[in-house]
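A.B. asks: Sharing a model that was predicted from the sequence below.
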Amino acid sequence: MNIFRLRSALLFLLLFSQLACTSEVRELIDLALDPPSRQPIDQSRTGVNNFFVDPEFGSTESQFLEIRDTLRLNYVRVLFAWTNEVQPTPDSIPDYNFYDSIVERIPPGVDILVTLVHTPDWMADPANWINGDPRATWVERWLRPTVERYAGTPGIIGWQVWNEPDNLVLPGDASLELVSAANYFDLLALSSSVIRLVDPTSLVVMAATRSIQQDSGRNLQYNRELKELGAEGLVDIWAIHYYGEQFEQVVNQVGEFVRSLQPPIWITESGAMGPNNQLAYVETVWPFIDDEFGGKIQRFYYYQFGETGPNDSNFGLRQNGPILISDLYASLSGN
């Protein structure tokens with residue numbers, strides 16, 4: 001059985017076991033019989049994640065210029081992570097040299113979305129928290145000084161408060177207990193207030209969870225809880241991550257939820273592994289979810305500009321294996 005026939009069978013099972021909405025039934029039947037077709041990339045809405053940590057892809061300046069002039073993209077998402085290397089002890093001064101080097105090299109015509117994330121290991125000790133509150137400590141010791149440092153900088157379009165809070169990455173992050181949507185909402189409320197006061201012309205962007213249509217509905221439920229708590233009133237942009245396909249989940253549940261949101265949508269991460277799989281993915285998946293989300297998506301940030309490691313498990317537009325650039329890179333650059 002080929003993949004489309006298998007998908008059709010699965011979708012029909014879903015149809016009879018889960019759905020009650022006639023319009024959804026009809027759309028799932030159409031999807032099963034006629035999978036999404038490829039459509040050209042809208043480069044005016046396309047950006048890229050780049051963290052500028054791999055020197056094999058060039059200097060910070062050269063990577064920025066390659067993104068703007070070769071790939072013809074004008075939006076870059078970067079991470080400003082509060083790590084042991086940035087602030088090894090509670091009494092040390094944060095080292096902003098690396099982040100300064102990024103901000104100082106933003107070329108004309110490019111804007112960056114700064115994602116503030118992570119905590120150093122010493123945050124695991126409650127003795128280092130302000131008034132016993134780890135999330136207020138993160139805001140006051142990382143978000144506020146960072147936003148104050150770069151407030152009003154040309155090229156910084158907005159501040160994204162964390163990355164995939166439902167997913168624990170570094171040991172120190174556990175202190176914030178963000179796997180709870182209520183705790184992330186608390187962090188977002190504190191952060192939004194500071195950003196709007198300190199850098200009022202910049203956008204407040206919420207964190208995206210892990211891919212919204214995956215993990216048996218848990219990622220979608222986290223988003224729903226944030227909406228119920230009032231997160232829409234705290235942000236200018238609702239961020240979503242989207243990997244894989246699972247189109248039936250979009251038709252069945254995710255699309256309805258996203259269409260109900262008031263803020264515009266930015267897909268701050270989405271991509272596919274393998275240098276010869278990226279173009280088809282972007283030309284198929286992005287138009288499909290754009291349509292299902294009711295045209296609410298303002299930007300797509302591909303993940304990511306450069307990545308080291310084996311080609312077949314690599315998301316990078318630029319790679320360091322036998323294949324050096326992906327098919328998506330070639331398409332964006334007009335080659």
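C.D. replies: It's in.
A.B. asks: Centroid-nearest residue for the chain?
C.D. replies: In the chain, the centroid-proximal residue (CA atoms, centre = their mean) is residue 268; its distance is 2.9 Å.
A.B. asks: pretty sure it is in a strand, no?
C.D. replies: Yes - using DSSP: H, G, I helix; E, B strand; the rest coil, the assignment for residue 268 is a strand.
A.B. asks: Which residue is the nearest non-sequential neighbour of it?
C.D. replies: Sequence neighbours aside, residue 239 is the residue nearest to residue 268 in space, at 4.5 Å (criterion: CB to CB, 6 or more residues apart in numbering). Glycine gets a C-beta too; all of them are placed from N, C-alpha and C.
A.B. asks: what residues are up against the residue nearest to the centre of the chain?
C.D. replies: Contact analysis of residue 268 by CB atoms under 8 Å, 6 or more residues apart in numbering lists 49, 77, 113, 115, 160, 205, 208, 239, 240, 241, 301.
A.B. asks: ok, back up a step: the residue nearest to residue 268 and residue 160 touch, don't they?
C.D. replies: Yes - contact criterion CB atoms under 8 Å: residue 239 and residue 160 qualify, at 6.4 Å.
A.B. asks: any common contacting residues for the two?
C.D. replies: By CB under 8 Å, 6+ apart, residue 239 and residue 160 have these common neighbours: 205, 206, 207, 268.
A.B. asks: any idea how far stretch 319-335 is from the chain center?
C.D. replies: Stretch 319-335 sits 22 Å away from the centroid of its parent chain (CA atoms, centre = their mean, to the nearest Å).
A.B. asks: so for that stretch, what's the average pLDDT?
C.D. replies: Stretch 319-335 shows a mean pLDDT of 95.
A.B. asks: Tell me which residues of it come out buried.
C.D. replies: Residues of stretch 319-335 classed as buried by neighbour count (16 or more other CB atoms under 10 Å): 319, 320, 325, 326, 327, 328, 329, 331, 332.
A.B. asks: Pull the most distant pair out of the residues you listed.
C.D. replies: 320 and 331 (20.3 Å; CB to CB).
A.B. asks: Next, the contact list for the residue nearest to residue 268, please.
C.D. replies: By CB under 8 Å, 6+ apart, the residues touching residue 239 are 160, 205, 206, 207, 208, 265, 266, 267, 268.
A.B. asks: Quick check: next helix or strand after the strand or helix carrying it?
C.D. replies: According to DSSP states H and E, residue 239 maps onto strand 238-241. Going down the chain from strand 238-241, the next helix or strand is helix 247-249, by DSSP H and E.
A.B. asks: Just name whatever secondary elements that next one is in contact with.
C.D. replies: Judged by 3 or more CB pairs under 8 Å, 6 or more residues apart in numbering; DSSP states H and E, the packing partners of helix 247-249 are helix 3-18, helix 22-33.
A.B. asks: all helices of this protein, in order?
C.D. replies: Using DSSP state H, the helices of the chain run over 3-18, 22-33, 60-65, 97-103, 134-138, 144-150, 181-198, 218-229, 247-249, 255-259, 278-292, 327-332.
A.B. asks: So which of these is nearest residue 172?
C.D. replies: Per CB to CB, nearest to residue 172 of the helices of the chain: helix 134-138, 9.7 Å.
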